[in-house]
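**Student:** Would you be able to build a 3D model of this:
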Amino acid sequence: MSDFAGKVVVITGAGSGIGRALALNLAGQGAKLAISDVDTVGLAETARLVEAIGAEVKSDHLDVTQREAVLEYADAVVAHFGKVNQIYNNAGIAYHGTFEKSEFKDFERVMDVDFWGVVNGTKAFLPHVIASGDGHIVNVSSLFGLLSMPGQSAYNSAKFAVRGFTESLRQEMLIAKHPVKVTCVHPGGIKTAIARNATAGPGEDLAVFSEFFDRKLARTTPEDAAKTIVNGVRKSKPRVLIGMDAIALDAWVRLVGSGYQRIVAIVAGRMMPKSS
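**Tutor:** Residues are numbered from 1 along each chain as shown. As a prediction, the model looks like this:
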């Protein structure tokens, strides 16, 4: 029997990329799925694929930035399945642009989805995950929650915040002796559409940036990412690094300390596409 057989699993951002790959992986192991996304077309395709495997699935349009909607969604999922064992707070967006040229609304949009979406999902489902007696909360940060990059100040802010929030939550669950494991996930470059679907600040050529990301940085498939996450959850790992880039750069930052910032600035200044 799979460790996930019969478990009720919630996955946000399941319309594509890592979210869809997680849904397919867990469906194949006998999990019951509650999947959501703002992309209704992509979500419908994910639902079709997991149903073809034979999984029981509840599929809903959900904007994770809408707190009341997320709270209502949690109640609806529990009413449908009777319980929730795991939530994967995966929904996220990307933005490329310097802080100097970005506007408050650019930062707010990224923080609303990438950080507050995680907080909203965790808060809504935590009582149900505790009540399951066998719970797990999985929050997706990023490699950029481990080191900073120029042009990524908004994304870095959100993903560092997810990391801090998740690590603190894990400590609280341990102190309270709740039957809940907590995992923070740090993907490196994943072959998804996140860069192509990103927004950009003034003077940034999004097409050039996304092509650079896809060609130079995206090394790991969503399927491999999902497999790594699920294995990490099975082993109750507090932190999961995805891709050799995440593993290597995490080790490098630990080794050189804050000195990494100057080196990254030099390398990125030479390699990354220039803004107009």
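**Student:** Please, which helix or strand holds residue 99?
**Tutor:** Residue 99 is part of no helix or strand when elements are defined by DSSP states H and E.
**Student:** tell me, how many neighbours does it end up with?
**Tutor:** Other residues within reach of residue 99, judged by other Cβ atoms under 10 Å, total 14. Glycine gets a C-beta too; all of them are placed from N, C-alpha and C.
**Student:** what do you get for the one 5 residues further on?
**Tutor:** Number of residues near residue 104 (other Cβ under 10 Å) recorded here: 7.
**Student:** measure it to residue 199 for me?
**Tutor:** For residue 104, the distance to residue 199 equals 14 Å [Cβ to Cβ, to the nearest Å].
**Student:** Can you give me the pLDDT of residue 190?
**Tutor:** Looking at residue 190, its pLDDT is 86.
**Student:** sorry, that was for residue 119
**Tutor:** 98.
**Student:** Verify the contact between it and residue 165 for me.
**Tutor:** Yes - counting by Cβ atoms under 8 Å, residue 165 is a contact partner of residue 119 at 6.6 Å.
**Student:** so what sits against both of these two?
**Tutor:** Common contacts of residue 119 and residue 165 (Cβ atoms under 8 Å, 6 or more residues apart in numbering): none found.
**Student:** shaky segments in the stretch 151-276 of the chain?
**Tutor:** Residues of the stretch 151-276 of the chain meeting the criterion pLDDT under 70: 193-196, 200, 204-218, 272-276.
**Student:** quick one, helices of it?
**Tutor:** Using DSSP state H, counting those that start in this stretch, the helices found in the stretch 151-276 of the chain span residues 153-176, 206-212, 222-234, 244-256, 260-271.
**Student:** I'd like these laid out as TSV, including distance to residue 43.
**Tutor:** TSV is the format used below for those (distance: least, Cβ to Cβ, whole Å):
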stretch	distance to residue 43
helix 153-176	22
helix 206-212	22
helix 222-234	15
helix 244-256	27
helix 260-271	35
